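Peer 1: mind looking at a prediction? Sequence and model below.
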Amino acid sequence: MNESDQKKCAWNVRWYPRYAFLSDAYFWLPVFFLYFSEILTLDEVLLLEMVYYVGVYVMEVPSGWFSDRFGRRITMLLAAVILAISYGMIFAGSSFLVFAIAQFLKAAGISFKSGTETAFHFDSLKAIGLEDEFGRREARVARNRFLGGAAAALIGGLVAIWTLQMAYLVACIFAIFMIVLVYRFFEPPVEESETHANPIREFVRCLGYLKQPVLMCILLFFILMTILNHVPYEFFQPYIGCSLESYQWGEQATPLVSGIHVTLTLLVASAFGAWSIRIRDRIGLWWTLLSAAVLQTLIITVMAWVLAPIILVLLLARSVPRALMAPVINAAVTGRVERKHRATYLSMQSLAGRLSFAGMLLLLTSVVPADEHATWGSLSTALRLSSWIAIGGTVIVLLVALARFRKDGTGELTT
């Protein structure tokens, strides 16, 4: 690689943490459930979320193959454009059909950037000989993602006081900023010997990586935690609304309270994201992942059985499990997968998790009363079922962690 390409990749590495700050700046996060619930019934809102996960099912692996085949930069650029369009549609929409199309597009946009961003970061570091620093730098990127999300949540909550849909307009504007930044990135160099088959064949080849026990275990854990991490994510807004409904100011203040709560939540998570690799180095991979599973199970269980404003303090930790696991899993996976399969494999992993949660949403729609808006009765029913699933899954993770610890002795394979 010539000196010019090295300088370009060094520019990527320098600006990627700033991109990460924008990438997860989801201004709509504090109010999406509240906004959809204003117009739709609870089962329709859950179906709308299921449309998103079905969209992920359709787009996740093809988007990973597209990234490996045509490049990281063009894939990230497409993602930003599609997200801007979807946010604009949700801002202007007022029916289930429009929201459903926009949710599908949002799924496509997030799918196009999900595995590609991590692969782009690793490829850029490798091009300048810094791939050994990926874990530490990815932890810093995770911190920036949560900080960007925290700032966006506060802004989204504030503008939502005027009208809930304004959060999507702000998201659309910032997606355009992201387009400009991605346009200035450079494509990391590709080895001339790399060849790419069609998406189905590459997907089959990626399945071959699961012959490695560590990758198989990580995939199963990722599926479980995608389900568990999304339960508080889907239900924290109506939970806040229900916990404040006895106060005269509760309904009007819920969007702002939700925005402030998300901001604090992501600030807490940003610290754990920055510490995640150090925590892994101290206690090992599987004990780090087990800690994430236990914490999320505790949060879901308390949400299911107790309705009180004080529980909102516990909910501030709902993004900590994701902050702990994301850099650790990325560091464990990227070095074990070839460059030409990296984005496809990460997309496959993401697909498995999101598709599983789509099934979870379908299950939850079957246990809540039809045509009923979000009430504590319907929420608690869905959350209690989620709690039992979380407890069972965490017990399995505990058994795996114990088995790996006994087998590895020093824990060397767990890192």
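Peer 2: That came in fine, so what should we check first?
Peer 1: then stretch 208-225 to CSV, C-alphas only?
Peer 2: As requested, the backbone C-alpha atoms of stretch 208-225 are provided in CSV (Å, rounded to 0.1, in the frame of the first residue of the first chain):
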residue,chain,number,x,y,z
GLY,A,208,-18.7,-22.4,8.3
TYR,A,209,-17.1,-20.0,10.9
LEU,A,210,-19.5,-21.4,13.5
LYS,A,211,-17.4,-24.6,13.6
GLN,A,212,-15.2,-22.5,15.9
PRO,A,213,-16.8,-23.1,19.4
VAL,A,214,-16.1,-19.6,20.6
LEU,A,215,-17.9,-18.1,17.6
MET,A,216,-20.9,-20.4,18.0
CYS,A,217,-21.2,-19.6,21.7
ILE,A,218,-20.9,-15.9,21.1
LEU,A,219,-23.6,-16.1,18.4
LEU,A,220,-26.0,-17.9,20.8
PHE,A,221,-25.3,-15.4,23.5
PHE,A,222,-25.8,-12.5,21.0
ILE,A,223,-29.2,-13.8,20.1
LEU,A,224,-30.2,-14.1,23.7
MET,A,225,-29.0,-10.6,24.6
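Peer 1: would you mark the buried spots in it?
Peer 2: 209-210, 214-215, 217-225 (16 or more other CB atoms under 10 Å). Using the backbone N, CA and C atoms, a C-beta is placed for each residue, glycine as well.
Peer 1: now distance to residue 301 and pLDDT too, for those, in a markdown table please.
Peer 2: Formatted as a markdown table, the entries for these read as follows, by distance: CB to CB, whole Å; pLDDT from 0 to 100:
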| residue | distance to residue 301 | pLDDT |
| --- | --- | --- |
| 209 | 34 | 86 |
| 210 | 31 | 87 |
| 214 | 29 | 86 |
| 215 | 30 | 90 |
| 217 | 24 | 88 |
| 218 | 25 | 90 |
| 219 | 25 | 91 |
| 220 | 21 | 91 |
| 221 | 19 | 92 |
| 222 | 21 | 92 |
| 223 | 20 | 93 |
| 224 | 15 | 93 |
| 225 | 16 | 93 |
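Peer 1: want to throw those into TSV with distance to residue 93?
Peer 2: As requested, the buried residues of stretch 208-225 are arranged in TSV below (distance: CB to CB, whole Å):
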residue	distance to residue 93
209	40
210	40
214	44
215	40
217	41
218	38
219	35
220	37
221	36
222	32
223	31
224	33
225	31
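Peer 1: distance-wise, check the residue lying closest to residue 274 once chain neighbours are set aside relative to residue 76.
Peer 2: With sequence-adjacent residues excluded and distances taken as CB to CB, 6 or more residues apart in numbering, residue 274 is closest to residue 143, at 4.0 Å. In this structure, residue 143 lies at 20 Å from residue 76, with CB to CB, to the nearest Å as the measure.
Peer 1: what is the burial count for residue 271?
Peer 2: 14 (other CB atoms under 10 Å).
Peer 1: nope, residue 50 is what I meant
Peer 2: Residue 50 has 20 neighbouring residues, counting by other CB under 10 Å.
Peer 1: cool, and residue 97?
Peer 2: Each residue near residue 97 was counted by other CB under 10 Å, and the total is 8.
Peer 1: which parts of the stretch 251-400 of the chain are helices?
Peer 2: The residue ranges that make up the helices of the stretch 251-400 of the chain, judged by DSSP state H, counting those that start in this stretch, are 285-305, 311-314, 320-334, 339-367, 376-408.
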